[in-house]
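1. predicted model follows, preceded by the sequence.
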Amino acid sequence: FDEEFVHFPHRDFSALGVVTLCLDGLMQNARPYNNAGVETCWNFSSDRCRASQGGSLDTFISHASNPVFAAMINAQKWKVLSRGPIIPGTMTRGAMQTVLVDVTPSNGKSREFLWTMQKERRPPRQDCWLIHECIAKDNAYNLTL
């Protein structure tokens with residue numbers, strides 16, 4: 001990151017591009033200022049995702065310290081394991097795509113995360129890929145119960 005700012009949604013970013021911006025930002029969470037990586041994730045979060053985390057950047061930052069999400073903050077490295085096909089949008093939601101990544105946290109114990117991305121249908125972020133949800137793969141089954 002050479003930029004002195006955090007990124008914001010733009011229709012030129014692909015779903016994978018957004019995941020890349022977020023994970024690279026989280027790896028260097030204190031650049032260019034403290035929690036800049038977490039703020040990047042907030043900027044790219046859908047309204048639904050934001051609401052589920054308290055609805056404000058401050059509460060999002062607080063939630064980011066939970067052990068699951070915190071594994072991505074200041075991680076050693078990450079890589080894409082797979083990328084799902086783009087599922088076309090419908091009358092009620094935008095297009096969707098999943099990105100499965102492997103993250104090696106600072107403790108060295110690898111963990112997989114599934115990022116579900118969705119294209120926003122409404123202004124002002126219309127046609128931008130946003131984070132619908134991000135879950136740890138090892139917790140995914142528990143979320144289906």
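-> Arrived safely, thanks for sending. Residues are numbered from 1 along each chain as shown.

2. please, where are all the strands along the protein?
-> Chain-ordered strands for the chain, with DSSP state E as the definition, fall at 77-83, 96-104, 111-119, 129-136.

3. so for Ala51, which of the ones you listed sits nearest?
-> Nearest to Ala51, of all the strands of the chain, is strand 129-136, at 12.0 Å by Cβ to Cβ. Using the backbone N, CA and C atoms, a C-beta is placed for each residue, glycine as well.

4. helix or strand with the lowest mean pLDDT in this protein?
-> For the chain, counting by mean pLDDT, DSSP states H and E, helix 137-143 ranks last in confidence among helices and strands (a mean of 75).

5. list the buried residues for stretch 102-110?
-> For stretch 102-110, the neighbour count (16 or more other Cβ atoms under 10 Å) marks 103, 105 as buried.

6. and that stretch, how far apart are its ends?
-> Taking Cα to Cα, to the nearest Å, the first and last residues of stretch 102-110 lie 7 Å apart.

7. now it: how far from the chain's centre is it?
-> Averaging C-alpha positions (Cα atoms, centre = their mean, to the nearest Å) puts stretch 102-110 17 Å from its chain's average.

8. contacts for it next, please.
-> Applying Cβ atoms under 8 Å, 6 or more residues apart in numbering, the external contacts of stretch 102-110 come out as 23, 70-72, 74-79, 81, 111-113.

9. residue contacts, Trp42?
-> Applying Cβ under 8 Å, 6+ apart to Trp42 gives the contacts 50, 57, 60-61.

10. re the thing from before, the strands of the chain: which one's closest to Phe5?
-> Counting by Cβ to Cβ, Phe5 lies closest to strand 129-136 out of the strands of the chain; the figure is 18.8 Å.

11. okay, the angle between the closest one and strand 96-104?
-> Going by axes from the mean of the first three to the mean of the last three Cα atoms, to 10 degrees, strand 129-136 is angled at 50 degrees with respect to strand 96-104.

12. give me the angle between strand 129-136 and strand 111-119.
-> Inter-element angle recorded for strand 129-136 and strand 111-119: 150 degrees (by the same axes, to 10 degrees).
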